[in-house]
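Student: fold the following and give me the result.
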Amino acid sequence: MNFTQKMMMFAGLAVMVIASGCSADRNAMAKEYERLAALPPVQMNRCPSDRALDSLGVAISKHYNFAHKLMKEFVGATENRREYLGFMNEIEYLVKEEKMEEPAAMAKVVKEIQENDAKIKDPKEKVWPRVVEGINATNALDPVKKLRELAPVAAATLKAVADCQELANSFKGFDPSTIEKGLCAAKIIKQGVDASECLAFLTIQFQRTIKAKYYAK
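Tutor: Coordinates of the predicted model:
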């Protein structure tokens with residue numbers, strides 16, 4: 001499977017992951033941004049009593065650390081550019097809730113912003129120039145390279161979470177050792193899900209900011 005095929009596959013998974021956690025809310029993308037931006041730094045989840053579980057804990061912690069660092073980079077480029085985030089949030093709403101194709105949704109939002117700006121006399125009050133600043137800032141992160149880097153990590157994270165879930169389902173009994181392993185598995189799975197959701201979110205954002213560059217010329 002080549003890089004393009006991997007990205008297409010993960011993009012589908014990304015949409016599924018994001019959709020599973022968001023209701024019909026016009027600010028769904030903005031809320032997801034705030035949630036993921038607040039994720040804590042990596043905490044290594046070890047389980048010395050079970051070698052397989054311990055190995056998965058180490059692997060998922062590394063994937064989470066990668067996702068967390070990437071999210072912090074994205075937040076650093078966008079947290080003070082709310083107009084850009086609002087632009088992306090509106091595109092997300094139109095795609096998910098209005099069932100518009102992404103190119104049409106992006107064109108619609110750009111047109112609406114520019115039409116509203118045309119009615120504003122004070123250049124400092126215009127929105128589109130600040131959206132462009134956000135588009136340029138996120139493209140300065142080299143999203144093409146970022147997508148290439150995160151694709152294999154995203155796939156590995158999803159597999160590790162599935163493996164951990166399968167392992168956790170094999171635990172039987174209520175003795176202290178089994179309970180301890182079950183609790184450890186739950187922490188590892190939670191960390192893996194957070195990492196997967198973070199990478200899914202960033203995949204969509206990086207793909208869109210690449211497309212938005214066309215309008216920022």
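Student: tell me the phi and psi of Asp142?
Tutor: Note on Asp142: its backbone torsions stand at phi 60, psi 70 [degrees, to the nearest 10].
Student: ok, it to Gln191 distance?
Tutor: Per C-beta to C-beta, to the nearest Å, Asp142 is found 27 Å from Gln191. Quick note: C-beta positions are derived from backbone N, CA and C, even for glycine.
Student: of the two, who's got more company?
Tutor: The neighbour count for Asp142 versus Gln191, taken as other C-beta atoms under 10 Å, is higher for Gln191 (28 against 12).
Student: surely that one and Pro40 touch.
Tutor: No: at 10.0 Å, Gln191 does not count as touching Pro40 under the criterion of C-beta atoms under 8 Å.
Student: what strand or helix carries the closest residue to Ala105 other than its chain neighbours?
Tutor: Sequence neighbours aside, Leu94 is the residue nearest to Ala105 in space, at 3.8 Å (criterion: C-beta to C-beta, 6 or more residues apart in numbering). Using DSSP states H and E, Leu94 sits in helix 82-96.
Student: what is that helix packed up against?
Tutor: In terms of contacts (3 or more C-beta pairs under 8 Å, 6 or more residues apart in numbering; DSSP states H and E), helix 82-96 is packed against helix 28-37, helix 102-118, helix 128-139, helix 176-212.
Student: output the shortest one as PDB - backbone C-alpha positions only.
Tutor: Right, the one you point to is helix 28-37. In PDB, the C-alpha atoms belonging to helix 28-37 read as follows (Å, rounded to 0.1, in the frame of the first residue of the first chain):
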ATOM      1  CA  ALA A  28     -18.300  20.800  17.100                       C
ATOM      2  CA  MET A  29     -14.900  21.300  15.500                       C
ATOM      3  CA  ALA A  30     -14.100  24.200  17.900                       C
ATOM      4  CA  LYS A  31     -15.000  22.200  20.900                       C
ATOM      5  CA  GLU A  32     -12.900  19.300  19.700                       C
ATOM      6  CA  TYR A  33     -10.000  21.700  19.200                       C
ATOM      7  CA  GLU A  34     -10.300  22.900  22.800                       C
ATOM      8  CA  ARG A  35     -10.500  19.400  24.200                       C
ATOM      9  CA  LEU A  36      -7.500  18.100  22.300                       C
ATOM     10  CA  ALA A  37      -5.500  21.200  23.000                       C
END
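Student: between helix 82-96 and that helix, find me the angle.
Tutor: With axes from the mean of the first three to the mean of the last three C-alpha atoms, to 10 degrees defining the directions, helix 28-37 sits at 120 degrees from helix 82-96.
Student: tell me what the next helix or strand after helix 28-37 is packed against?
Tutor: On the C-terminal side of helix 28-37, the nearest following helix or strand under DSSP H and E is helix 51-78. If you count contacts as 3+ C-beta pairs under 8 Å, 6+ apart, helix 51-78 packs onto helix 28-37, helix 128-139, helix 143-169, helix 176-212.
Student: tell me which of these lies nearest to Tyr84.
Tutor: For the helices and strands packed on helix 51-78, distance to Tyr84 was read as C-beta to C-beta. The smallest value, 2.2 Å, belongs to helix 128-139.
Student: buried residues, stretch 152-168. List them.
Tutor: 153-158, 160-161, 163-165, 167-168 (16 or more other C-beta atoms under 10 Å).
Student: good, wrapping up.
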